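Undergrad: can you look at this prediction? I've put the sequence above it.
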Amino acid sequence: MKLCNRILLKFYYFAPRNLWNWVATLLGIGKTGYDSETITQMIVEKNINWEYAYEKDVTSYENQKIVTAIAHHQSRHNSSFVTVLDFGGGGGHSFEIAQQTFKKISMKWVVVEREKIVKMLTNRISRDGLSFASSIEEAKKMTGNVDLIFCNSALQYTDAPLDSLENLLRQNAKTVFLTRSPFAKGKDAISYIQPSLSESNGPGHPPRNLHSVLEGYKCKSVPIEEVLSLIQKYYREVKVFDEGRWEGARSAKLINSYTILATNPILI
């Protein structure tokens, strides 16, 4: 089984996109996506055990993203209390990283995730300042005014990325930080099925009692120009950092990964 998974992953990286999508659909890869029971359980179990999963490592590339986001926000506002809407934030590991790094800042942090994940996390994870919601609207009710919206590689997994983005922008947060976000460089959106071993979901090492299986997610990378045009309707200052070729698809030459920082909201 492990050999078969490795072969399929290799095929994904080197096969033409349409051929891979056809094979993935035929094999049922991507049928359940993040609603998969295996992925949900893996995310939950990894996040429950902080000592084992995180090893208190705040220096890794991915973990530094939330540190950068809060640092940008604080450089303008220097607040002692920050409310964060973490879109697609899994089990809240960014909250843990932020608390370790910014010990003098109190935080109210709401993670927006799929309903199945939220139900399991709410019952099993209890940390002061951290909550979970299954929609942006529910999260806004929990936070009140939002200071920072943080979105780390999540929009591409939604059914309608631009609609999800606009819903986030409507919250009038002081700072919006999108990162590791794959957007198409051309004029057309690109749809693809991204395979992934379940153990790669969530932070740290997989629990020894859970076996990793090959899952998949339906993804859509929308054009970067449409993304920027939408953000500029809501924010006066928008900075874009092109992180280079996205490694998540065979059509990666058509997709780049971006970090986008939006500040100074226009009240609409």
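TA: That came through fine. Numbering: from 1, shown residues only.

Undergrad: can you tell me how far Lys174 is from Met107?
TA: 14 Å (Cβ to Cβ, to the nearest Å). Yep, even glycine has a C-beta here, placed from its N, CA and C like the rest.

Undergrad: what's the answer for Arg245, then?
TA: Taking Cβ to Cβ, one finds Arg245 at 34 Å from Met107.

Undergrad: neighbours of Thr83, how many?
TA: 23 (other Cβ atoms under 10 Å).

Undergrad: so what's it up against?
TA: Met107, Lys108, Trp109, Val110, Thr143, Gly144, Asn145, Val146, Asp147, Leu148 (Cβ atoms under 8 Å, 6 or more residues apart in numbering).

Undergrad: so which of these is the most crowded?
TA: Trp109 (27 neighbours).

Undergrad: make a markdown table out of the contacts of Thr83 and add distance to Ser94 and pLDDT.
TA: Listed next are the contacts of Thr83 as a markdown table, based on distance: Cβ to Cβ, whole Å; pLDDT from 0 to 100:
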| residue | distance to Ser94 | pLDDT |
| --- | --- | --- |
| Met107 | 10 | 96 |
| Lys108 | 14 | 96 |
| Trp109 | 8 | 96 |
| Val110 | 12 | 97 |
| Thr143 | 15 | 90 |
| Gly144 | 20 | 90 |
| Asn145 | 20 | 92 |
| Val146 | 15 | 96 |
| Asp147 | 14 | 97 |
| Leu148 | 11 | 98 |
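
Undergrad: so which of those sit within helices?
TA: Thr143 (DSSP state H).

Undergrad: from the contacts of Thr83, which is closest to Pro182?
TA: Leu148 (21.8 Å; Cβ to Cβ).

Undergrad: now do that closest one against Asp86, distance only.
TA: From Leu148 to Asp86 the distance is 9 Å (Cβ to Cβ).

Undergrad: what ranges in the stretch 101-250 of the chain fall below the confidence cut-off?
TA: 248-250 (pLDDT under 70).

Undergrad: can you give me the strands in it?
TA: Secondary structure of the stretch 101-250 of the chain (DSSP state E, counting those that start in this stretch): strands located at 106-112, 130-133, 148-152, 175-184, 190-197, 214-221, 235-245.

Undergrad: so how far is whichever helix or strand comes after the longest one from its chain's centroid?
TA: Okay, so that is strand 235-245. Of the helices and strands lying after strand 235-245 in sequence (DSSP states H and E), the nearest is strand 255-265. Offset of strand 255-265 from its chain centre (Cα atoms, centre = their mean, to the nearest Å): 14 Å.

Undergrad: OK, contacts around the nearest residue to Gln171 once chain neighbours are set aside?
TA: Closest residue to Gln171 apart from its sequence neighbours, by Cβ to Cβ, 6 or more residues apart in numbering: Val146 at 4.9 Å. Contact analysis of Val146 by Cβ under 8 Å, 6+ apart lists Thr83, Val84, Leu85, Lys140, Gln171, Asn172, Ala173, Lys174.

Undergrad: now distance to Asp188 too, for those residues, in JSON lines please.
TA: Formatted as JSON lines, these follow (distance: Cβ to Cβ, whole Å):
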{"residue": "Thr83", "distance to Asp188": "37"}
{"residue": "Val84", "distance to Asp188": "33"}
{"residue": "Leu85", "distance to Asp188": "30"}
{"residue": "Lys140", "distance to Asp188": "32"}
{"residue": "Gln171", "distance to Asp188": "29"}
{"residue": "Asn172", "distance to Asp188": "31"}
{"residue": "Ala173", "distance to Asp188": "29"}
{"residue": "Lys174", "distance to Asp188": "33"}
